[in-house]
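Asks: pasting the sequence and the predicted model now:
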Amino acid sequence: MKKVISICLILFLGVVEVSAQKDSIYIEAKLSSDKKTLTINQELIYHNNSEKDLNTVKLLNWVSAYRKRGTSLVYRKLEDRNNDLHFAKPEEQGKLLNLTVKSAYHQDIAVNNISEENLFLPLAKALKPGESVKLQLQYQMQLPDKKFTGYGTSDKNIALKYFFIVPDHFDPDNISQRNYHDIEESISFNTYWTINFDLPVNYFIESNLQQIQMNSFKGYLDSDPEFLISQNEFPSIKINTPDINTEIKFGYNLKPEEKQNLEFYLPLQLQFIKEKIGSIPERLFISEKFRDKEDFFGNNDILFWKFRFKLFAEAENTDMDYFGIIAKKILDESIIADKQNNHWFKNGLKSYLEIQYLNKFYPETKLLGTLPETKVFGIKPLKLFHASKVKLIDRYGLAYQYIMSQNLDQKIDEKFTVLSNFNDMAISSFETGSLFNFSANKMGYEKFNDLLKNYIAKNSDTQINPKDFLKELAEQDKTTNYLAAFLEKKNRVNFKLKRFRKEDDSLNINIHKNTLSSIPVKLETETKETKEKKEYWIETEENEKTKIVSIPALDIYKITLNNDFIFPESKYRDNFVYAKGIFSNTKKLN
């Protein structure tokens, strides 16, 4: 019996050891006194987690993206009408100045061209699946000017990310080239880091890694390590509640009122997100670049001539801005996905969480905030326009509809580097988030959130394929099958309420859709006096464009499809009719 237990224990430990194989990187980095050069001694233990023998190890040398004209980074900046890097002076560029690589046996490994972003190191013998190789690297790099991407050196501080040489985890077979595009993609996931810095006097350093002593960091990350070196110490906020123990570090100063607001809102936001996705990291680092990219769009004050019109109170702005920032940062730390091909998953989940948050805490808040209440010559001119009635929650459907009406929309699964900046928001985020919310509304938010929690938990430390999540979603509710098809083509779906006819105590309603796909639709009725609403989910069949449904007539005044822009449609004006009065079977003018 003891022998059986021993064998089982050995097998168990063996499984744990194999499954727990993670790359580890040890770095000693010295920053020069002029803050422009890093000298690095590095040890890298790389595991072959693929199913094939590897004869080379591919390393990413992304500081070389800043070195010369013609790189993918330069082209991307030019597409954004930014030619700073294209015309950069040699001293502003980033480059690898020298590099030596030795194997575990202290044998030199030839490196052909250190100016390339992809370095291929030939191995003395094939690295079999499950085996590891230890490499020792010594190199020196010139840091680029921070103005190009937000990472690099400047007079105020030094921001480090994507500069250290690391193995390419997304390409174990070492076939294709990967280049730096400044899109905040993951490259060093599933890695254990130990990094010691030698800094000039009176400089401080912050990171998303755990600090074990002055200028020394250690720990495991599913995201890329990030460091901010500065002569200033920046604030942090610790959240200690029965459910959450998280420290949030900021790479910039907070105004006193902003910090006070955050100390109130952050515990609420973290608790809300945890209820939806299941877990919260112990440490979060918010850089200035990340804040500017992920804050809430559309709540800024409006400047007109010499006047400033505030849409929302400072506390509301802080709450809305930081919920999106914190939600996206947590998703980045919790989910490993190829951003180039699967950007829509985390972007869509961020918008889904925002929609839920706004529905709970800002359900009746108007898109224009308090602006419709602003008086000009004693009157409120905006009250005369329909825009004054549009809710904040409607922003997701309206942004998608606008970009589609201009024929500027793209497929949801368009490669991220091809996606326009506005479609990063309107399509990858808003449209996908709306579709997630639509599915969750139909199947039940609790069921959707449980499915999401389980999916994230079981794929911890593992690169995901988000289409697997869509398959699991379809297994729970087969009417979500259409989601996978939505990724691969532009969405042009439109539902239309054609007419209704009353028969006895029922209303027979004619619903038309412009697609042969099987997509559910949400029908809502409303009474005039009591404003009582009833919801019905209508299933539409494949190859069926017209559906006639029968519901109790009751005292229905208005019939609406997909109310509150819940489904991203190409048109919304044909989604409602009035059931009584002179506007019966028509759309009353607003």
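Replies: Right, received. Where do you want to start? Numbering: from 1, shown residues only.
Asks: low-confidence stretches in this protein?
Replies: Along the chain, segments meeting pLDDT under 70 span 1-20, 105-106, 171-175, 298-310, 368-388, 581-590.
Asks: what segments of it are helices?
Replies: Assigned by DSSP state H, the chain shows helices spanning 2-19, 72-79, 256-277, 288-294, 314-334, 339-361, 395-405, 421-425, 432-443, 445-458, 466-476, 482-487.
Asks: so what does the fifth one touch, helix or strand wise?
Replies: Packed against helix 314-334, as judged by 3 or more C-beta pairs under 8 Å, 6 or more residues apart in numbering; DSSP states H and E, are the following elements: helix 256-277, strand 283-286, helix 288-294, helix 339-361. No exception for glycine: its C-beta is placed from N, CA and C like everyone else's.
Asks: could you redo the last one with a cut-off of 10 Å?
Replies: strand 245-250, helix 256-277, strand 283-286, helix 288-294, helix 339-361, helix 445-458 (3 or more C-beta pairs under 10 Å, 6 or more residues apart in numbering; DSSP states H and E).
Asks: could you count how many residues lie near the residue nearest to Asn359 when sequence neighbours are not counted?
Replies: Spatially, and ignoring its direct neighbours in sequence, Asn359 is nearest to Ile393 (6.3 Å; C-beta to C-beta, 6 or more residues apart in numbering). Neighbours of Ile393 under the rule other C-beta atoms under 10 Å: 21.
Asks: residues touching Ile393, list them.
Replies: 354-355, 357-359, 362-365, 367, 437, 564-566 (C-beta atoms under 10 Å, 6 or more residues apart in numbering).
Asks: would CSV of those with distance to Asn347 and neighbour count be doable?
Replies: Listed next are the contacts of Ile393 as CSV, based on distance: C-beta to C-beta, whole Å; neighbours: other C-beta atoms under 10 Å:
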residue, distance to Asn347, neighbour count
Glu354, 11, 23
Ile355, 13, 22
Tyr357, 16, 21
Leu358, 17, 20
Asn359, 19, 14
Tyr362, 21, 16
Pro363, 24, 11
Glu364, 27, 7
Thr365, 23, 17
Leu367, 21, 19
Asn437, 14, 25
Asp564, 21, 16
Phe565, 18, 21
Ile566, 19, 22
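Asks: what's the closest of those residues to Ser428?
Replies: Within the contacts of Ile393, distances to Ser428 taken as C-beta to C-beta reach their minimum at Glu354, with 13.7 Å.
Asks: quick one: contacts for the closest residue in space to the closest one that isn't next to it in sequence?
Replies: Once flanking residues are discounted, Glu354 sits nearest to Gly324: 5.7 Å by C-beta to C-beta, 6+ apart. Taking C-beta under 10 Å, 6+ apart as the criterion, Gly324 is in contact with 269, 291, 293-297, 350-351, 353-354, 357, 429.
Asks: now Gly324: how far from Lys350?
Replies: 6 Å (C-beta to C-beta, to the nearest Å).
Asks: which residues are in contact with each of the two?
Replies: Shared contacts of Gly324 and Lys350, counting by C-beta under 10 Å, 6+ apart, come down to 294, 429.
Asks: circling back: out of the helices of the chain, flag the one nearest Asn215.
Replies: Judging those by C-beta to C-beta, what sits closest to Asn215 is helix 288-294, at 21.3 Å.
Asks: which helices and strands sit right next to the closest one?
Replies: strand 157-160, helix 314-334.
Asks: pull the distance from the longest one to the chain's centre.
Replies: For helix 314-334, the distance between its averaged C-alpha position and the chain's averaged C-alpha position is 11 Å (C-alpha atoms, centre = their mean, to the nearest Å).
Asks: for it, output the C-alpha coordinates as PDB.
Replies: Taking Å, rounded to 0.1, in the frame of the first residue of the first chain, the C-alpha atoms of helix 314-334 are listed here in PDB:
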ATOM      1  CA  GLU A 314     -15.000  65.600 -10.800                       C
ATOM      2  CA  ALA A 315     -15.900  62.600  -8.700                       C
ATOM      3  CA  GLU A 316     -18.000  61.200 -11.500                       C
ATOM      4  CA  ASN A 317     -15.200  61.700 -14.000                       C
ATOM      5  CA  THR A 318     -12.700  60.000 -11.700                       C
ATOM      6  CA  ASP A 319     -15.100  57.100 -11.200                       C
ATOM      7  CA  MET A 320     -15.800  56.600 -15.000                       C
ATOM      8  CA  ASP A 321     -12.200  57.100 -16.100                       C
ATOM      9  CA  TYR A 322     -10.600  54.800 -13.600                       C
ATOM     10  CA  PHE A 323     -13.200  52.000 -13.900                       C
ATOM     11  CA  GLY A 324     -12.200  51.400 -17.500                       C
ATOM     12  CA  ILE A 325      -8.500  51.800 -16.700                       C
ATOM     13  CA  ILE A 326      -8.600  49.400 -13.800                       C
ATOM     14  CA  ALA A 327     -10.800  46.900 -15.600                       C
ATOM     15  CA  LYS A 328      -8.500  46.700 -18.600                       C
ATOM     16  CA  LYS A 329      -5.400  46.500 -16.500                       C
ATOM     17  CA  ILE A 330      -6.900  43.500 -14.600                       C
ATOM     18  CA  LEU A 331      -7.900  41.800 -17.800                       C
ATOM     19  CA  ASP A 332      -4.300  42.300 -19.100                       C
ATOM     20  CA  GLU A 333      -2.900  40.700 -16.000                       C
ATOM     21  CA  SER A 334      -5.400  37.800 -15.900                       C
END
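Asks: that'll do, ta.
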